[in-house]
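Asker: Just to be clear, the model below is a prediction. Sequence and coordinates:
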Protein chains: 4
Amino acid sequence: MKVGVLGATGYAGQELLRLLKRHKEVRDLYLASSSVAGEDYESVYPHWSGQKVGSLHDENVPDLDVLFCALPHGLTAARAGSFLARNMKVIDLGADFRLNSADVYEEWYKIKHPAKDLLASAAYGLPELNRTQIRGQSLIANPGCYPTATLLALVPFLRHKLLQTNYLIIDAKSGVSGAGRGVSLGMHYAEVNENFKAYGVGNHRHTPEIEQELSRAAGLPLTVNFTPHLVPMTRGMLVTIYAALQAGVREEDLRECWREQYGQEEFVHVLPAGTWPQTKFASGSNNAFLQLTVDQRTGNVIIVAAIDNLIKGAAGQAIQNMNLVMGCPECQGITGTALWP
Amino acid sequence: MKVGVLGATGYAGQELLRLLKRHKEVRDLYLASSSVAGEDYESVYPHWSGQKVGSLHDENVPDLDVLFCALPHGLTAARAGSFLARNMKVIDLGADFRLNSADVYEEWYKIKHPAKDLLASAAYGLPELNRTQIRGQSLIANPGCYPTATLLALVPFLRHKLLQTNYLIIDAKSGVSGAGRGVSLGMHYAEVNENFKAYGVGNHRHTPEIEQELSRAAGLPLTVNFTPHLVPMTRGMLVTIYAALQAGVREEDLRECWREQYGQEEFVHVLPAGTWPQTKFASGSNNAFLQLTVDQRTGNVIIVAAIDNLIKGAAGQAIQNMNLVMGCPECQGITGTALWP
Amino acid sequence: MKVGVLGATGYAGQELLRLLKRHKEVRDLYLASSSVAGEDYESVYPHWSGQKVGSLHDENVPDLDVLFCALPHGLTAARAGSFLARNMKVIDLGADFRLNSADVYEEWYKIKHPAKDLLASAAYGLPELNRTQIRGQSLIANPGCYPTATLLALVPFLRHKLLQTNYLIIDAKSGVSGAGRGVSLGMHYAEVNENFKAYGVGNHRHTPEIEQELSRAAGLPLTVNFTPHLVPMTRGMLVTIYAALQAGVREEDLRECWREQYGQEEFVHVLPAGTWPQTKFASGSNNAFLQLTVDQRTGNVIIVAAIDNLIKGAAGQAIQNMNLVMGCPECQGITGTALWP
Amino acid sequence: MKVGVLGATGYAGQELLRLLKRHKEVRDLYLASSSVAGEDYESVYPHWSGQKVGSLHDENVPDLDVLFCALPHGLTAARAGSFLARNMKVIDLGADFRLNSADVYEEWYKIKHPAKDLLASAAYGLPELNRTQIRGQSLIANPGCYPTATLLALVPFLRHKLLQTNYLIIDAKSGVSGAGRGVSLGMHYAEVNENFKAYGVGNHRHTPEIEQELSRAAGLPLTVNFTPHLVPMTRGMLVTIYAALQAGVREEDLRECWREQYGQEEFVHVLPAGTWPQTKFASGSNNAFLQLTVDQRTGNVIIVAAIDNLIKGAAGQAIQNMNLVMGCPECQGITGTALWP
């Protein structure tokens, strides 16, 4: 396969490159970046060698089988149509095709959606929950990192009406790489290290994406409280979720529901009761780890999910989607256990 | 004043020593530790000099005005009576006198309470919420770190019936020093660094302490979901709280309530709207920082509180209590802004 | 191939397992550990699944093609003979066969060497410097992490008499994982984080190993000043070396010497002039990165080498050695670029 | 005293503010910054309150007793004359008055020196080595952080001719805060965390400052190899030094020399033999820690010094200098032990 990565010098783009180099079916790789077009990739990442960076301009992008877009929002939507017209599969790691409603997109992203007509044909690329819709599609919206962890935890329960939907709390924690490679005081080592904070409280852009997919699973519109926090670490994401059970639902029902959903999955692991996910379990891998308990005093369920934000939360899942749309074995190139310690 | 610290080589004990050395009214310092009794303090902490470590045995503890106990639970209760009988003020940084009910203590700490008769005379030492009960007491239960952050955030609202009490979520995050200086695989650098996890889910011992004080504030028994997490950093604690408002309560009512409670306080700072607490704001200081927002989509309030777990959450608050019981200015020896960066 | 790992639950052992699972020629894996023999591997590492841990006892170790020993010093030497007698290739990640002289071993390791007769038949397994001696051997001494980085930098220069040998300074810095998984106060997160220190000054056990191999390269006995430091990070090793040049030697001569030695090597990368190695360039990979400059004011050369201490410094190099002794392609199973960020 | 800080929002400026607030003799504080002149200081540092930021323009700076300048190089020199003319004591935390030779300054800093005539009247403000020259001066060049640690270690030995001067290796390691608050990719958390690197190899601007002061101490011109490294931590600096002894000099002679120099010093601590400095011993304090050993195999001495780069290496030493020039007790406002852990 001939594969391209637009936005190849960001963290997600670089991680894509790392994984694609290990993928047996990938023969040619086209890398493009606005910042270093025409240079060697090692001018940005000196530990790489032998890669050239090309231009982002559509006319320079060669004919490819699959094109990954890891670009700021708005840029992919503006160009996806032309790539699709050239018979490429387009996998967008950005937000442009995640929200079904252009209105909601425009409310949260503050720009006009550049390709409303394509929204209906985009599949939401969370394979464990949505595999059949992904296969055969040409335009895939790769989910956000927070939504990936949250939806893996909650969607099965909402589909089976096991949870009440009026009080869903999603308290999320992410390593710094999720914010990308852009420089700002907020990313300065001395401001992040030995520090912990909430951010985007009540207004993070992953909120409507989470609500859309949870509403779809529940079959009714619902809202959530979603609060992301910044952890002084580079990689990793952990989500702690609080919900009330529907009457009569017991912890074992929840476990059984997960077991049915994920028992045969390569990448989603329900840990033995009492073993709680750590972000490091997933670090460097495409794996997700899940655990829950029903608190006996309050009757609420507490759910924890952990992933690597750059892999299952971005580049790894994107390749999983590529495998699906191209008919490769779904796990190809993305198996392997976390780097420990 | 003559002051003693039992358990002087743990992190809380060492922090007490650091702060007491800066306190103008403290003339003599007696340090005791089971592990290095008879040695120089610098055998444990080479950056110190000139301190001797004495024995923990009651008969070796000299006559003191104030005795801080930073010992494993059970040990202080077993001996507090004898120190009180010698007219010492006893400030317990452990858990022995925090819970009013010996039954609850025994359920959560799995040992018989060694001094049930003293429970009624112990004051819960959270000065900003409990100042009058502390003054004049001889036995002070210094609050746990998680309860300190949580109660500063919530007690004013519950006293004023601004929140519903049936769905309180306390998602807490702490640096590693809160777990003390004991060695274990779970504290190994390579297992903690670049890692984030929940622990004690549904069964952390600070739960009954939080519930007791919140119930007292609300005037009715309530339960909470309290989930602590371990952050890869040494110091600092941040608590994110979710609650539903009583009908008709607006964000401004909550702010006004905090303003009334804390407007004149030296150590508790309500940040300007939109500025969210970071643990580093408090690091190395006795300060607490608060912020909240009412999420317009769900109607719930999201509250964040940050402290230094070893200072406002332990040694600093203990000195604040000492100042109160000894009639010193409450802030003496513990003013000062966080170390930044 | 059937492959075994004794000491499979330590950090090096776990890293071996991770890499061996990706190796195409490895069919069966036998894992053994004294601490959890008989249990599932996930009882130690919950992110793993499907691995059983067996016993370390010789009689329980099945017939294998290759046996990796990641055991405390002394243990491998005591048993290597019996494994070799069963026609296994033995690759020792410990120190038992690194030193040619049993006397030197006994001086630095303070125990009697249990298998002096095997010393002569062990190859020092640093493939880029020693490839021909490794091939065809049955007993391989996998180099220490500090020696690996140091020797890659210096051996070519000493072989070619480009450096003076009377004043070699090796100032080394390592992440914490190099010290292994054992618990101690010195490994406690709160004691390591935000801290930097020298350790083993003048007496680290890698000193005689470095001196032995440098002396061999130089063709005369030499000594070095080797000072390791502990960096508050989990993985990575960087070595800064200072040496005086032989008369007439210029920077370009040194570069040319490295180019000749490493120009065709897969894993050793001489960076473009002016780009200095960072440990993260190597993290998660078997790569080494080199750079140097001749300081114009002093005339000395400053050399920097970076590796991942657990991969090129341990498990990855061990597999490289396995590939050599088993006749597999040398890079099999250990290619790939660092995990970034 | 009335005291001002120009450049109050950088890390050194903020640390000055923190320390000055605790200083008994400081009554009025004038803070100035180019970036936020006219605003509240808490717009930059929300954990502060009640401080206003003024303008940097000379005419806006009120009459002060002492003025600290924490400005980019060139800026202080351009204006020091006017402040001195107004009878202020000027303490420059930058590099403008550290080098005696304007030519050397211009070679390393690549700008014309704006106030050559003032160079002769500036005292190099390292009190433990230079106390008498500092007292009574009006213009103090506060030393760089690397020079502070290095000179404390070496100057006594060079003054007493205990070391050879032809092969001095200074391998230095610093936390990130030393690079200041400016944003750049090199300071991005994800690029620094879990990473270690050398920088400025052979060309760091502290080199001529170190060489100047060491040459002065030795009474002859000398050069050094100075290599700084970036440690993934916020605060702290450690310097490892290698030198050859003059004939006949023993380890005990070196210790005796330090003892004579520092035995009565408040801030410089020679640790007991065998206890090696850690940066955390100094963190948050004005203390320096020293240790050495003579390596028996090479005969060279290895010396380690640790300081907090922002305190003894910047703001704390600046206040020590203020105390000296103003006739306050030298330690006022800067005593206290490190924050641990």
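Answerer: In hand now; what should we look at? Since the structure is predicted, the reported quantities are computational estimates derived from the model, not experimental observations.
Asker: What parts of the stretch 201-341 of chain A come near chain B?
Answerer: For the stretch 201-341 of chain A, the residues in contact with chain B (C-beta under 8 Å from any C-beta of the partner chain) are A:201-202, A:207, A:223-225, A:227, A:229, A:231-236, A:238, A:240, A:242, A:244, A:276-280, A:283, A:293, A:295-298, A:300, A:302, A:304, A:306, A:341. Where you see a C-beta, it was placed from the backbone N, CA and C, and this is true even at glycine.
Asker: ok, of those residues, which come out buried?
Answerer: A:201-202, A:207, A:223-225, A:227, A:229, A:231-236, A:238, A:240, A:242, A:244, A:276-280, A:283, A:293, A:295, A:298, A:300, A:302, A:304, A:306, A:341 (16 or more other C-beta atoms under 10 Å in any protein chain shown).
Asker: If we check chain C, which of the residues you listed are in contact?
Answerer: Restricting those to those touching chain C (C-beta under 8 Å from any C-beta) yields A:Thr234, A:Arg235, A:Lys280, A:Pro341.
Asker: I'd like these laid out as CSV, including pLDDT and secondary structure.
Answerer: Converted to CSV, these look like this (pLDDT from 0 to 100; DSSP: H, G, I helix; E, B strand; the rest coil):
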residue, pLDDT, secondary structure
A:Thr234, 98, coil
A:Arg235, 98, coil
A:Lys280, 98, helix
A:Pro341, 97, coil
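Asker: got any ranges where chain A has weak pLDDT?
Answerer: Filtered on pLDDT under 70, chain A yields no residues whatsoever.
Asker: how does it divide into domains?
Answerer: Domain segmentation of chain A under automatic domain parsing yields A:2-143+A:312-326, A:146-309.
Asker: Do a quick rundown of the strands in the stretch 51-200 of chain A.
Answerer: A:66-69, A:89-92, A:122-124, A:139-141, A:168-174, A:197-198 (DSSP state E, counting those that start in this stretch).
Asker: quick one: what helix or strand has A:Thr335 in it?
Answerer: A:Thr335 is part of no helix or strand when elements are defined by DSSP states H and E.
Asker: what about it, neighbour count?
Answerer: 15 (other C-beta atoms under 10 Å in any protein chain shown).
Asker: give the contact list for it.
Answerer: Residues near A:Thr335 by C-beta atoms under 8 Å, 6 or more residues apart in numbering or on different chains: A:Glu266, A:Asn286.
Asker: now swap in A:Leu126 and tell me
Answerer: With contact set as C-beta under 8 Å, 6+ apart, A:Leu126 has these partners: A:Pro143, A:Pro147, A:Thr148, A:Leu151, A:Leu152, A:Glu213, A:Gln317.
Asker: 7 Å instead?
Answerer: By C-beta atoms under 7 Å, 6 or more residues apart in numbering or on different chains, the residues touching A:Leu126 are A:Pro143, A:Thr148, A:Leu151.
Asker: Mind giving me the ChimeraX command for buried ones among these?
Answerer: To isolate the buried members of the contacts of A:Leu126 in ChimeraX, using 16+ other C-beta under 10 Å:
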select /A:143,148,151
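Asker: any idea which of the contacts of A:Leu126 is the one closest to D:His160?
Answerer: Comparing these against D:His160 with C-beta to C-beta places A:Thr148 closest, at 65.3 Å.
Asker: Name the residues of chain A found near chain D, please.
Answerer: With C-beta under 7 Å from any C-beta of the partner chain as the criterion, chain A meets chain D at residues A:176-177, A:181, A:183-185, A:187-190, A:192-194, A:234.
Asker: Most widely separated two among those residues?
Answerer: Of all pairs drawn from these, the greatest distance, 21.9 Å, lies between A:Arg181 and A:Glu194 (C-beta to C-beta).
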